[in-house]
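Chemist: below is the structure, and that's it, no one-letter string:
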């Protein structure tokens with residue numbers, strides 16, 4: 001089992017820290033991987049709040065495959 005993966009990513013000139021957690025065994029079999037993003041500043045927080053679906057799509061396409 002591997003640990004958490006941390007990456008620095010930029011989306012539309014806003015910087016974030018992406019943390020990817022490994023899949024785990026749950027009640028319904030293997031669940032995950034799960035991820036969280038952390039904004040580097042206030043403007044990135046506002047961007048993430050307004051563009052949640054866009055950021056989720058980018059993360060799933062680029063970083064979870």
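Modeler: Yep, that arrived. Here the structure is a predicted model, which is why all the values come from computation and not from measurement.
Chemist: hey, which helix is longest across this structure?
Modeler: When secondary structure is assigned using DSSP state H, the longest helix within the chain turns out to be helix 52-62.
Chemist: which other residues reach that helix?
Modeler: Outside helix 52-62, the residues within contact range by CB atoms under 8 Å, 6 or more residues apart in numbering are 9, 11, 16, 18, 35, 37, 48. The C-beta positions use only the backbone N, C-alpha and C, and glycine is treated the same way.
Chemist: which of those residues lies closest to residue 26?
Modeler: residue 35 (16.2 Å; CB to CB).
Chemist: residues contacting the nearest residue to the closest one once chain neighbours are set aside?
Modeler: When the adjacent residues along the chain are set aside, residue 35 lies closest to residue 20, with 4.7 Å between them (CB to CB, 6 or more residues apart in numbering). Residue 20 makes contacts with 4-7, 33-35, 63-64, as judged by CB under 8 Å, 6+ apart.
Chemist: ok, which stretches of the chain are helices?
Modeler: 42-50, 52-62.
Chemist: okay, these in a markdown table with mean neighbour count, mean pLDDT and distance to residue 27 next?
Modeler: Below are these laid out as a markdown table (neighbours: other CB atoms under 10 Å; pLDDT from 0 to 100; distance: least, CB to CB, whole Å):
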| stretch | mean neighbour count | mean pLDDT | distance to residue 27 |
| --- | --- | --- | --- |
| helix 42-50 | 14 | 97 | 30 |
| helix 52-62 | 13 | 95 | 23 |
